[in-house]
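Colleague: sequence first, predicted coordinates after that:
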Amino acid sequence: MDEANTSLLLKRPITLKIIVTTTWKQEAQQQLQSQITQLDDQMQQIEIQGQRAITEIQKQSISPPGPAVTEQIDNIRLQVNEKKSEMLESKNQFLQQMQQVQLLELDQEVVQGQMESFFRLEKGDNLLKKLNVEIVVRDGVVEEIRGDI
């Protein structure tokens, strides 16, 4: 019988789990802190850019500014505030994640993300078992592969 008729090559999601260690906690917190610092810098840049745009508009307009100029300035302020609000929301999420990392216990398994792999499915295989695969990692080293490979 032709093998093409008895098996398929499919793609499946694989759950990546990490085992919490002191090293992992430190690295996770450093990464989150770096993202927070980056957001703070971006918020500051947006504020400066917005202020420069407003100053430029004020220089080019007559005094007192007309309604069109006032509307332009208000729109810039609105855009700056909206962008800063989005960034503050992201910053708060990172701060919450930092707090969650601190609360994790050592040797606890935590889902880190998903990966994909290919697998061969043959007649008679249990599809659910083939789809349920996990990789467990401790400090970057694979400790265990769980499931029907």
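Modeller: That came in fine, so what should we check first? Everything numeric in this text was worked out from a predicted model, so none of it was measured.
Colleague: can I get stretch 54-68 as CSV, trimmed to CA atoms?
Modeller: Output in CSV follows, covering the C-alpha atoms of stretch 54-68 (Å, rounded to 0.1, in the frame of the first residue of the first chain):
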residue,chain,number,x,y,z
ILE,A,54,2.7,73.3,19.1
THR,A,55,5.5,75.8,19.3
GLU,A,56,6.1,75.7,15.6
ILE,A,57,2.4,76.3,14.9
GLN,A,58,2.3,79.2,17.4
LYS,A,59,5.4,80.8,15.7
GLN,A,60,3.7,80.6,12.3
SER,A,61,0.4,82.0,13.4
ILE,A,62,-0.8,85.5,14.1
SER,A,63,-1.4,86.6,17.6
PRO,A,64,-4.0,86.0,19.0
PRO,A,65,-4.3,82.6,17.3
GLY,A,66,-7.5,82.1,15.3
PRO,A,67,-9.9,79.2,15.8
ALA,A,68,-8.2,77.0,13.2
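Colleague: contacts made by it with the rest, please.
Modeller: Contact partners of stretch 54-68, identified using CB atoms under 8 Å, 6 or more residues apart in numbering, comprise Val69, Gln72, Ile73, Ile76, Arg77. C-betas here are computed from N, CA, C, even on glycine.
Colleague: quick one: average pLDDT of the helix or strand hosting Ile46?
Modeller: Here Ile46 sits within helix 22-60, counting by DSSP states H and E. Mean pLDDT, helix 22-60: 94.
Colleague: buried sites along it?
Modeller: Trp24, Ala28, Leu32, Gln35, Ile36, Leu39, Met43, Ile46, Gly50, Ala53, Ile54 (16 or more other CB atoms under 10 Å).
Colleague: touching, the fourth one and Phe94? I think so.
Modeller: Yes: between Gln35 and Phe94 a contact is recorded at 5.3 Å, counting by CB atoms under 8 Å.
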